[in-house]
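> Attaching a predicted model along with its sequence, questions to come.
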Amino acid sequence: MLSIQSVDSSPAARGVHRGQPSYFRAACFAAAHGVGRGYFDVGRTLAGSLASEIPHDIEDPEWRPEVELLEDLIERRAADEAIWQWFKDRFPRCMALVPTRRRDHFVAGVKVAYLEDGFGF
């Protein structure tokens with residue numbers, strides 16, 4: 001007997017990346033194989049690209065306040081989990097490539113990218 005499964009018909013969240021940039025996949029591959037500083041480099045790479053990684057469903061003026069939320073988390077020295085959650089909410093497919101045990105390295109790379117270079121806006 002066939003059954004009908006319910007489908008979540010709620011609208012997708014705005015400002016969420018639906019893909020994985022090739023440079024990000026390459027950085028994760030390198031990190032998984034012990035190249036460079038591992039997932040620290042992955043976090044630094046993605047953080048350094050935030051100004052150009054505007055989700056397709058929003059415009060630059062809408063993306064900037066989202067990134068400012070991340071900047072505020074870093075400046076307030078929020079818990080690493082809050083910074084991780086910011087990325088997980090906005091880059092879910094990318095964050096799926098970061099192993100749980102390496103999240104702290106990823107977040108450390110994000111913080112260094114911001115503190116040394118900003119996010120490029």
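Good, I have the coordinates.

> all contacts plus neighbour counts: C-alpha atoms, from now on.
Will do.

> where's the residue nearest the centre of the chain, which helix or strand?
Taking C-alpha atoms, centre = their mean as the criterion, Phe87 is the residue nearest the geometric centre of the chain, at 3.4 Å. Under the criterion of DSSP states H and E, Phe87 resides in helix 80-90.

> Give me the contact list for that helix.
If you take C-alpha atoms under 8 Å, 6 or more residues apart in numbering as the criterion, helix 80-90 is touched by 15-17, 70, 73-74, 94-95, 103-104, 107.

> Now do the residue nearest to the centre of the chain, the pLDDT please.
Looking at Phe87, its pLDDT reads 97.

> distance of it from Arg37?
Distance, Phe87 to Arg37, using C-alpha to C-alpha, to the nearest Å: 20 Å.

> Please apply the same query to Glu75.
24 Å.

> Can you tell me how far Asp57 is from His17?
9 Å.

> hang on, the earlier thing: sort out which of the contacts of helix 80-90 are in helices and list them.
Of the positions in the contacts of helix 80-90, 70, 73-74, 94-95, 103-104, 107 sit in helices, assigned by DSSP state H.

> Most neighbours out of these, which is it?
Compared across these, Val107 has the highest neighbour count, 26 neighbours, by other C-alpha atoms under 10 Å.

> mind listing what that one touches?
Counting by C-alpha under 8 Å, 6+ apart, the residues that Val107 touches are 40, 43, 80, 83-84.

> circling back: CA-only coordinates of the helix holding Phe87 in PDB, if you can.
Extracted C-alpha coordinates of helix 80-90, given in PDB (Å, rounded to 0.1, in the frame of the first residue of the first chain):
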ATOM      1  CA  ASP A  80      32.500  29.300  20.300                       C
ATOM      2  CA  GLU A  81      29.100  27.500  20.000                       C
ATOM      3  CA  ALA A  82      27.400  30.800  19.200                       C
ATOM      4  CA  ILE A  83      29.800  31.500  16.400                       C
ATOM      5  CA  TRP A  84      29.500  28.000  15.100                       C
ATOM      6  CA  GLN A  85      25.700  28.300  15.100                       C
ATOM      7  CA  TRP A  86      25.900  31.500  13.100                       C
ATOM      8  CA  PHE A  87      27.700  29.600  10.300                       C
ATOM      9  CA  LYS A  88      25.500  26.500  10.700                       C
ATOM     10  CA  ASP A  89      22.400  28.600  10.200                       C
ATOM     11  CA  ARG A  90      23.700  30.400   7.100                       C
END
